[in-house]
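S.K.: Next input, structure requested:
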Amino acid sequence: MKIATAAYPATFLTSWKDYAEKLTDWTRRAAEDGAELLVYPEYGALELATLDGAEAAKDLERCIMATNARVAEADSLHADLAARYKVHILAASAPVIDESLAPRPVNRARLFTPTGAMGVQDKQIMTRFEREAWDIAPGGPLRLFDTALGRIGVLICYDCEFPLLGRALADADVILIPSVTEALSGHSRVRIGARARALENQCVTAMASLVGVADWSEVIDVSCGRGGLFGPPDTGFPPTGVIASGELDKPGWTMAEIDPEAVRRVRRDGVVLNHAHWAEQTGRDAPVQATRLR
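M.R.: Next comes the predicted model:
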């Protein structure tokens, strides 16, 4: 399969037509280049809040409500685009109010298939900004999606920095990582996490980023990043583990062909077998004995 990861600039929108045309253009261009799985970034859906005006988009609480109110309509658009262009789409995540899970909004990404199926993945661990300034709540459990393209997992941004979350998705062929980070340091942390998850799970990780300036938002005012696809630096993959990497802060798609069979081969007969040997860590979390060497 060919995966496209976005370096996506959020836009101040003047109408729903602007949004629909933008998403259609991005999807069309990726599909015309042969992409079968499109990955949009974390919180890219906040541009929907601008449809309620500048004051709503700028306010931390009102931007949640304005975005949440349009998620259903945005989902219909993504479902239509997935069917029209015969692609799988991970939509940009959004703050979504799901009172069955939490009284506060969760950070939710939605995965659409060409056949009309849709699955959701919520962020598990909140950043300091999300928990201290914005009061976003952890959502539903991690999920593994069995699709026509293979087994797909999703770790939203900060989640990919935690190896046990990655290990919970160890049976995935591909782990999608939608992200938004303000500085190069943050982008580097998520990128390092994406590469580490590919190494230890011997799978492919696909990272999308929000990029550019959105001075109409307190949440995504400045975003630094790029698209990227990573694998284990082992049999069947590049020796660096970097399958494809976009240009920093340049909007556009980063694409690469991925063979799920290569994941199965490297897990079965790689130079190393990180995926299989993970269990050998069991019991090594006992207290470490301090040894004085002076």
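S.K.: how would you label Ala49: helix, strand or coil?
M.R.: Classification of Ala49 using DSSP: H, G, I helix; E, B strand; the rest coil returns helix.
S.K.: Starting from Thr24, give me the distance back to it.
M.R.: Here the distance between Ala49 and Thr24 works out to 20 Å (Cβ to Cβ, to the nearest Å). Heads up, the C-betas are built off the backbone N, CA and C, glycines and all.
S.K.: So for those two, which sits in the more crowded spot?
M.R.: When neighbours are counted by other Cβ atoms under 10 Å, Ala49 comes out ahead of the other of Ala49 and Thr24, with 30 against 15.
S.K.: Strands of the stretch 151-294 of the chain, start to end?
M.R.: Taking DSSP state E, counting those that start in this stretch as the criterion, the stretch 151-294 of the chain carries its strands at 174-179, 204-213, 222-223, 228-230, 242-245, 252-257.
S.K.: chain center to the second one: distance?
M.R.: The one in question is strand 204-213. In terms of Cα atoms, centre = their mean, to the nearest Å, the centre of strand 204-213 is set 7 Å apart from its chain centre.
S.K.: Next, the buried residues of it.
M.R.: Neighbour-count burial for strand 204-213, with 16 or more other Cβ atoms under 10 Å as criterion, is recorded at 204-212.
S.K.: and which of those is nearest Gly186?
M.R.: Out of these, the one with the shortest distance to Gly186 is Ser209. That distance is 10.1 Å, counting by Cβ to Cβ.
S.K.: Excluding chain neighbours, give the residue nearest to the closest one in space.
M.R.: In space, and not counting its chain neighbours, Ser209 is closest to Gly225: 2.5 Å by Cβ to Cβ, 6 or more residues apart in numbering.
S.K.: how far away is the one you found from Tyr8?
M.R.: Looking at Gly225 against Tyr8, where the rule is Cβ to Cβ, the gap reads 9 Å.
S.K.: shared neighbours of those two, anything?
M.R.: Where contact means Cβ atoms under 8 Å, 6 or more residues apart in numbering, the residues bridging Gly225 and Tyr8 through contact with each are 41, 209-211.
S.K.: now the helices for the stretch 101-250 of the chain?
M.R.: With helices called from DSSP state H, counting those that start in this stretch, the stretch 101-250 of the chain shows them at 128, 163-168, 184-201.
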